[in-house]
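Trainee: need a structure here:
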Amino acid sequence: MSKPLTGKVIKSTGSWYTVLIPGGKLYECRLKGKFRIKGIRTTNPIAVGDEVDFSLAENKDGTGSIVSIHERKNYIIRKATKLSKASHIIAANIDQAVVIASMVKPRTSTGFIDRFLTTAEAYHIPSVVVFNKMDLYSEKHIENLAYYLDVYESAGYQTLVTSAVEDFHMVEFKEILKDKVSLLAGHSGVGKSAMVNSIDPTLNLKIGKISEYHEKGKHTTTFAEMFKLSFGGYIVDTPGIKEFGLVEFAKPELGQRFPEFRSRMQDCRFNNCLHMDEPGCAVIKALENGEIGEFRYFNYLNMLDGIHR
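Mentor: Below you'll find the model as predicted:
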């Protein structure tokens, strides 16, 4: 058996994994034996972004067998489509999560943005909120957008407004991604592909194919794919995430995932405060004083309502 090689998983199709080694060579690999990641019930033992060791097959066909997975720095998961398993790991070893939204065509709900942000918070992954399609916004959209940006920035999030069509703030978008592993998320049609192609034209064909493939049918499984950026860093493209299911939250934990709640919770009268109607709640007080965005609080209550423990 040859000496194991080490690389990064950049694509997963369920049974085969594409592994990139330093120097740029790609290998198609399968899993050797059964893998169980401690403490996580998931549909996929290996995810895009995982560092793995693999041995080349003895039949000289250039394929390999993954023999071990390196310890993960972090990972991000969503609810799996298969009811038998608890969750699906979207990606591992992420430096930041970037949610790309739009005020129009299609409009991204703040509910989607906040579900994504709370999930990233739970896994200690810094997030950036980007609103694309600035070229299509009316005065009313721009007014509402200013409010959203103020709320997210006050909560501690980095924000950016872009237009891939008019090349507006695309240099800043490139800087955000440079030399980092970034998970990109957003509904189909918000312009993710156009934005990436604008800052790295070498990815044009690949990204286009992926997005088309996922938009053609109603796929119940989402396979993420990682792309190396020519100017440094990687993006993990996640087409097809229509909803972002919350995973592994208990009700008392949810407030911890909102930074603007977390910074005030120690001032609540009760340790187990859910920030609903309890007396002496510092979060509700901040809401009444206009220090916390109403839509964020409303989304929090909506999420809380969907948690059954």
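
Trainee: quick one: Thr162 from His124, how far?
Mentor: Distance check for Thr162 against His124: by C-beta to C-beta, to the nearest Å, it reads 26 Å. In this view, the C-beta of every residue, glycine as well, is placed from N, C-alpha and C.

Trainee: cool, and Asn289?
Mentor: Taking C-beta to C-beta, one finds Asn289 at 29 Å from His124.

Trainee: shaky segments in the stretch 101-250 of the chain?
Mentor: Along the stretch 101-250 of the chain, the parts satisfying pLDDT under 70 run over 204-223, 238-248.

Trainee: out of Thr162 and His124, which sits in the more crowded spot?
Mentor: Thr162 (24 against 8; other C-beta atoms under 10 Å).

Trainee: what's near enough to touch that one?
Mentor: In this structure, Thr162 makes contact with Val130, Phe131, Asn132, Met134, Phe168, His169, Met170, Glu172, Phe173, Met195, judged by C-beta atoms under 8 Å, 6 or more residues apart in numbering.

Trainee: Now do stretch 277-289: everything it contacts.
Mentor: Contacts made with stretch 277-289 from outside it, assessed by C-beta under 8 Å, 6+ apart, are listed as 255, 260-261, 264-270, 273, 275, 292, 294, 297.

Trainee: Closest one to Thr108 out of those residues, please.
Mentor: The shortest separation between Thr108 and any of the contacts of stretch 277-289 is 17.7 Å, and it belongs to Glu294 (by C-beta to C-beta).

Trainee: pLDDT score for that closest one?
Mentor: pLDDT, the model's per-residue confidence, is 97 for Glu294.

Trainee: where's the closest residue to it other than its chain neighbours, which helix or strand?
Mentor: Excluding its sequence neighbours, the residue lying closest to Glu294 (C-beta to C-beta, 6 or more residues apart in numbering) is Leu287, at 7.1 Å. With elements delineated by DSSP states H and E, Leu287 resides in helix 282-288, which encompasses its position.

Trainee: List the buried residues in the helix or strand just after that helix.
Mentor: Where DSSP H and E defines the elements, the next helix or strand beyond helix 282-288 is helix 294-305. Counting neighbours by 16 or more other C-beta atoms under 10 Å, one finds that the buried residues in helix 294-305 are Phe295, Arg296, Tyr297, Asn299, Tyr300, Met303.

Trainee: now do stretch 89-105
Mentor: Neighbour-count burial for stretch 89-105 [16+ other C-beta under 10 Å]: 89-103.

Trainee: Just those residues: which are in helices?
Mentor: Residues from those lying in helices, with DSSP state H as the criterion: none.

Trainee: coming back round to it: which two in the contacts of Thr162 are spaced the farthest apart?
Mentor: Going by C-beta to C-beta, the pair spanning the contacts of Thr162 furthest: Phe131 and Met170, at 13.4 Å.

Trainee: higher neighbour count, these two?
Mentor: With other C-beta under 10 Å as the criterion, Phe131 and Met170 differ in neighbour count, and Phe131 comes out ahead with 24 against 18.
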